[in-house]
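Chemist: sequence unknown, structure follows:
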């Protein structure tokens, strides 16, 4: 009875710590676009892989994450952060922070911080588990206290209000005046994006005509532009255009497709650039060369890391998050230690 009470208390405290605001500094919008291959505010259902770092605000089912560790920008965030439950996920680098339960999963490299129960999983790095552990391999050992890397990953996991920061960015970009950039069409289904940059090298397209997404080919003439903002006004978009001349890859780090009001986006061909759509469900049936920053994701193609290296003009700063004390985490660790010692006698 006492052991059960200790376990329940430790789990409750761990959950409280995870939900509390963290000590880490919140990220700016520019840092989010640069540091993450995917930020999904709600749930992810994945049948493919993500090259870079991923943060998921809801649950995650499936997916192979952090495949290209040498290309991932430095960060205090884990390779995969899931604020809810995660099942059948594989993490290749950077470790993981899971706010709920973990099942059928593999964390190949890096540490694991799992606040809920772990079942039928392989944890090949050191792991801190707040709940129960069953039918699982802890090849790196189950630890009773977070080390410095685990603590940094845990603190970072809930330090940024991604929904507020990305929503503010989308609204800010949506208010930008066009810079004289235009789209021309020929009779064979090709849309040509002719960029005109401002003094900061930023070109803005305001795509009022949704017909651009009916084109079968995209061509880009960027001129002096180093960053291209493409504001789409519709509530949905289905995009199947072929990016000519390998531009999906060559321009993936410079384009931001801003779907401020969209609730549904589908890509049916290789796509280039960051997709910013804080209210939309994205279904990608082919690979995306760039980051995705969306409400929910049905991932059927790969997400390739193209860290955004452009200039946000203007760009909102971080959304402040208050700082708590760390006493609750220490107490949770102490309870876990007491429980472990009791079981050993």
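Modeler: Looks like it came in fine. All of these numbers come straight from a predicted model, not from anything done at the bench. Numbers count the residues shown, from 1 in each chain.

Chemist: Going by C-alpha atoms from here, please, whenever you check contacts or count neighbours.
Modeler: OK.

Chemist: For the stretch 101-250 of the chain, just list every one of the helices.
Modeler: Applying DSSP state H, counting those that start in this stretch to the stretch 101-250 of the chain gives helices spanning 148-157, 162-174, 247-250.

Chemist: Averaged pLDDT, the longest one. What do you get?
Modeler: Per-residue pLDDT over helix 162-174 has a mean of 98.

Chemist: what's that helix packed up against?
Modeler: Packed against helix 162-174 by the contact rule (3 or more CA pairs under 8 Å, 6 or more residues apart in numbering; DSSP states H and E) you find helix 29-35, strand 227-232, strand 255-259, strand 274-284.

Chemist: so what does the shortest one touch, helix or strand wise?
Modeler: Going back to what we said before, that points to strand 255-259. In terms of contacts (3+ CA pairs under 8 Å, 6+ apart), strand 255-259 is packed against helix 162-174, strand 227-232, strand 274-284.

Chemist: mind redoing it with 10 Å?
Modeler: In terms of contacts (3 or more CA pairs under 10 Å, 6 or more residues apart in numbering; DSSP states H and E), strand 255-259 is packed against helix 162-174, strand 202-207, strand 227-232, strand 271-272, strand 274-284, strand 292-299.

Chemist: so which of those comes closest to residue 243?
Modeler: Residue 243 lies closest, by CA to CA, to one member of the helices and strands packed on strand 255-259: strand 271-272, at 7.1 Å.

Chemist: For residue 312, the count of nearby residues, please.
Modeler: By the criterion of other CA atoms under 10 Å, residue 312 has 18 neighbours.

Chemist: contacting residues for it?
Modeler: Residues near residue 312 by CA atoms under 10 Å, 6 or more residues apart in numbering: 29-30, 169, 172-173, 200, 202, 227-229, 256.

Chemist: just to revisit the earlier point, any chance of TSV for the helices and strands packed on helix 162-174, columns mean neighbour count and mean pLDDT?
Modeler: What follows is the helices and strands packed on helix 162-174, written out as TSV (neighbours: other CA atoms under 10 Å; pLDDT from 0 to 100):
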stretch	mean neighbour count	mean pLDDT
helix 29-35	22	97
strand 227-232	25	97
strand 255-259	24	98
strand 274-284	25	98
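
Chemist: nearest to residue 109, of the ones you listed?
Modeler: For residue 109, the closest of the helices and strands packed on helix 162-174 is helix 29-35, at 19.0 Å, according to CA to CA.

Chemist: what's the domain layout of this structure?
Modeler: With domains defined by automatic domain parsing, the chain comprises 2-27+58-160+324-344, 167-304.

Chemist: Using TSV, lay out those domains together with distance to residue 42.
Modeler: Below are those laid out as TSV (distance: least, CA to CA, whole Å):
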stretch	distance to residue 42
domain 2-27+58-160+324-344	4
domain 167-304	5
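
Chemist: So for residue 39, which of those domains sits nearest?
Modeler: Nearest of these (CA to CA): domain 167-304, 4.8 Å.

Chemist: What's the end-to-end length of the closest one?
Modeler: End-to-end distance of domain 167-304: 23 Å, with CA to CA, to the nearest Å as the criterion.

Chemist: about what we covered before: could you point out which of the contacts of residue 312 is nearest to residue 144?
Modeler: Each of the contacts of residue 312 was scored against residue 144 by CA to CA, and residue 29 proved nearest at 34.9 Å.

Chemist: looking at it, that closest one is touching residue 162, isn't it?
Modeler: Yes: between residue 29 and residue 162 there is a contact under CA atoms under 10 Å: 8.6 Å.

Chemist: before we move on, the earlier item: can you say which of the helices and strands packed on strand 255-259 is nearest to residue 36?
Modeler: Residue 36 lies closest, by CA to CA, to one member of the helices and strands packed on strand 255-259: strand 292-299, at 8.5 Å.

Chemist: Could you list the paired strands of the closest one along with their orientation?
Modeler: Here strand 292-299 has these sheet partners by DSSP bridges: strand 38-40 (parallel), strand 44-46 (parallel), strand 274-284 (parallel).

Chemist: Average pLDDT for that strand, rounded please.
Modeler: For strand 292-299, the per-residue pLDDT averages 98.

Chemist: That strand: what's the following helix or strand?
Modeler: Using DSSP states H and E, the next helix or strand after strand 292-299 towards the C-terminus is strand 303-304.

Chemist: And for that next one, what's in contact with it?
Modeler: Strand 303-304 has contacts (CA under 10 Å, 6+ apart) with 37-38, 48-52, 65, 67-68, 249, 252, 271-272, 284, 286-292.

Chemist: Selecting buried members of those residues in ChimeraX, what would you type?
Modeler: Of the contacts of strand 303-304, the buried ones can be selected in ChimeraX as follows, counting by 16 or more other CA atoms under 10 Å:
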select :37,38,48,49,50,51,52,65,67,249,252,271,272,284,286,287,288,289,290,291,292
